[in-house]
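[1] predicted model follows, preceded by the sequence.
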Number of protein chains: 2
Amino acid sequence: MELTLPKGTRDFMPEEKIARDNIVSLLKETFKLYGYNPLETPAIENYETLASKYAGGSEILKEIYKLTDNAERKLGLRYDLTVPLARFISMNPMVKKPFKRYQIDRVWRDGPIKLGRYREFWQCDADIIGSKSMLADAELIAMASDFFRKLDMKVSISVNNRKLMNAMLESANVPRENQDDVILSIDKLSKIGISGVKKELEEKGIGYDIIDSIISVISTKGTSNLDVLDKLGRVVKTNDGINELRELLGYCSEFGLSSIMLDISLARGLSYYTGTVFEIFLEDKAVLSCSLAGGGRYDNMIGSFIGSKESMPAVGISFGLDTISDAARLLNKSVSRKSVVDAYIIPINTIRECIAMLKSLRKKNICSDMDFSGRSITKNLDYADKLGIKFVLILGEDELKKNKVNIKDMKTGDEKLVKFEDAVKLIKKNHL
Amino acid sequence: MELTLPKGTRDFMPEEKIARDNIVSLLKETFKLYGYNPLETPAIENYETLASKYAGGSEILKEIYKLTDNAERKLGLRYDLTVPLARFISMNPMVKKPFKRYQIDRVWRDGPIKLGRYREFWQCDADIIGSKSMLADAELIAMASDFFRKLDMKVSISVNNRKLMNAMLESANVPRENQDDVILSIDKLSKIGISGVKKELEEKGIGYDIIDSIISVISTKGTSNLDVLDKLGRVVKTNDGINELRELLGYCSEFGLSSIMLDISLARGLSYYTGTVFEIFLEDKAVLSCSLAGGGRYDNMIGSFIGSKESMPAVGISFGLDTISDAARLLNKSVSRKSVVDAYIIPINTIRECIAMLKSLRKKNICSDMDFSGRSITKNLDYADKLGIKFVLILGEDELKKNKVNIKDMKTGDEKLVKFEDAVKLIKKNHL
């Protein structure tokens, strides 16, 4: 039997997992700091839930991993964390609103595998259910900005509003049946440019007059975000999107966010967004061009799930663990350790005393390990070196007589005969 | 559409998830302290890997959730974390040994649902690959003991050795073809007693002479663990198991473990164990009788997986997150919070100033939140109360003029008009 991994799945070796766990820890801390509570939903959902027309849409249906249990019930692996959240809110109507929750968990999509796209991957989501206020949208953006600042990553944040997008399409007289197609093309503006969008719209059979109107409105420029909104206000018929964006940008500046960029071509695909949409990129797109996080407002989805006419306002953000990890690595901001161990003990006929040392180190909260196999010093030093362990403690009978221990700094090669307490101090000093 | 959860799966509401996350955090810290590094393997494995005859055995085959991808590849959800570890070691032969890894992750078994048994659940495993030494076995037990001490749970630890079990069966002349059946019955001794074991063996058609010999050897009692081993040493023909147990118990006492109990009926089912086996229970079994953790040595499994004749020594422990959570709750040792939020701000026409306070609290690492919806004070206080938030800060125009804020202790009901800095001190003091 030749052992392989299923296509699109990965093992994360300790070195990579330690780095990813650090990012996840920082995300969790940040989510909690902003008042988001953890929620866990199962990986398996009823297929019917996942395939609901109010869920991820028809495109995603092809990518659901289907399974049946022994009783022939139709199940599937979740493809995102939003549909399970909607299902949870529907099943638990008594949950106090606003309900702020985060979930950092695996999702699965049996889709095409590209560079940086996998079939099993992690999403890190925070959502507020039950608040209409643009303060909620602004807070999510502020939280993301705070997170990337703590990661020491310079990012740019683009925002838009789907109501504004709809109003722009209306003002350009785009027929209802073409709106989805047109949005998909406009969404690519930053990638393919005006001429690319124009070409796509022509290929989609949109009339020349309409294309000209579309290009004209999405090319609106201004001296500031608010200036662009003012200009658009004179063109579109309904001002809801513009008003929401004004409010959002106002709150963003209260939250101390200075570099929000209005991108009136941003749509975030055809999914369930109803208002605010936003995306976050590395400032230096030459390093990595895909978005690190994104989100928006989806006020209709949960209500439709419940089957109620009332909408249930909701806004959320999703961080991409893979792209953030990639960015951290590319920017050399990644914690790169092959082992969590700070001190490794080599006993030379001193197992008893070494166990005592090991116990003592661990009691002092120093991650430590010890040779259990009676290997030679050379082999042990090689092992510690390969794992990138910083300090090795060698205890032979000579050292034991002197009531001292040999401590070797694996980076510098320095070796010293010191009291155990001093070895501990040295290790602790280097860890901080 | 009526929304439900697939059978045997659960949502964990914030209150429960916060408590579980606390246990998981302590487990991770402990694993790292003992030198175990994180490894992540995918939830999906090739069906062939999971169904390997060296894997979980034929019983588990029925319980594998099967899936196929769009290219008709046969896949399955993992039912434990040990088979994926064996697969990983086989695929990555260059990994430095001993390889100490931990993994805390979901597994799935489509089996019968009983009280406390689910189809989707978490396992928390730590394993050492590549060390034959009984020091490794002892360290795992010491680590578990340390973990439960930190959780403030009194536990009892039972150990045995499969080589001793085999030697006892030999000494009782149990025919090879009956050995598995007999082990399964002996394993139940602590639950069903001597008479129960006897009855089961009779039903299984074991000869009366042999049953008498079995009962005689497994009834061996002594004044201490070592005394029992001495007595068994005079009965069995091969002493490997006894020697290993002597060594293990010696190392355990070096690690400071005083209350290890030798339980010569312990087998841990029919799975892949080859030497040491151990299980950990609450000392007070009246509170919860099922095991909280267990593990053992499985020296043959990984070698068989690789298809090599050489064995690859391995020993591991698995903690049950569900049973530990249950035990913590039953013993009132569980952290029970409905929200991570420590401070909740109610603005009364003071949104700007409240955003500034919110930013400041979060900068000071206080998990905080704020009303975004302009609700009444009464509604907001009710919300904070329902979520168990400790402090509420109320900022109206009056307070603003005085440059102070109203802080309300939700537990005592006390309300004070204080400077913001003093409010921060109060919140921080109460958090520690």
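    That came through fine.

[2] show me the residue at the heart of chain A, geometrically.
    By CA atoms, centre = their mean, the mean C-alpha position of chain A lies nearest to residue A:319, the distance being 2.1 Å.

[3] helices or strands up against the helix or strand encompassing it?
    Element membership of residue A:319 [criterion: DSSP states H and E] is strand A:314-320. Where contact means 3 or more CB pairs under 8 Å, 6 or more residues apart in numbering or on different chains; DSSP states H and E, strand A:314-320 is packed against strand A:120-129, helix A:134-150, strand A:293-297. The C-beta positions use only the backbone N, C-alpha and C, and glycine is treated the same way.

[4] part of a strand, is residue A:160?
    Yes: counting by DSSP: H, G, I helix; E, B strand; the rest coil, residue A:160 falls inside a strand.

[5] list the contacts for it?
    When the contact criterion is CB atoms under 8 Å, 6 or more residues apart in numbering or on different chains, the partners of residue A:160 are A:245, A:262-267, A:276-278.

[6] what's opposite it in the beta bridge?
    In this structure, residue A:160 has beta-bridge partners residue A:277, where bridges are defined by DSSP bridges.

[7] ok, back up a step: which of the helices and strands packed on strand A:314-320 is buried the deepest?
    The highest mean neighbour count among those, using mean count of other CB atoms under 10 Å in any protein chain shown, belongs to strand A:293-297: a mean of 25.

[8] the next helix or strand after it near chain B at all?
    The first helix or strand that comes after strand A:293-297 along the chain, using DSSP H and E, is helix A:301-306. Yes: where contact is defined by CB under 8 Å from any CB of the partner chain, part of helix A:301-306 touches chain B, namely residue A:305.

[9] would you mind putting the CA coordinates of helix A:301-306 into PDB?
    C-alpha atoms of helix A:301-306 as PDB (Å, rounded to 0.1, in the frame of the first residue of the first chain):
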ATOM      1  CA  MET A 301     -29.800  35.400   4.900                       C
ATOM      2  CA  ILE A 302     -30.600  34.400   8.500                       C
ATOM      3  CA  GLY A 303     -34.200  35.700   8.200                       C
ATOM      4  CA  SER A 304     -34.700  33.600   5.100                       C
ATOM      5  CA  PHE A 305     -33.200  30.600   6.900                       C
ATOM      6  CA  ILE A 306     -35.700  31.000   9.700                       C
END
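
[10] tell me how far it lies from the chain's centre.
    On the basis of CA atoms, centre = their mean, to the nearest Å, the separation between the geometric centre of helix A:301-306 and that of its chain is 25 Å.

[11] what does that helix contact?
    Counting contacts by CB under 8 Å, 6+ apart, the residues outside helix A:301-306 that touch it are A:52, A:54-55, A:82, A:86-87, A:89-90, A:93, A:129, A:272, A:309-312, A:314, B:3.

[12] so the residue of the stretch 251-400 of chain A found nearest chain B, which state does it fall into?
    Distances between the stretch 251-400 of chain A and chain B by CB to the nearest CB are smallest at residue A:369, namely 3.2 Å. Of the three states, residue A:369 takes strand under three-state DSSP.

[13] how much space separates it from residue B:279?
    25 Å (CB to CB, to the nearest Å).

[14] out of the two, which sits in the more crowded spot?
    Legend: neighbour count by other CB atoms under 10 Å in any protein chain shown for residue A:369 and residue B:279, higher for residue A:369 (28 against 20).
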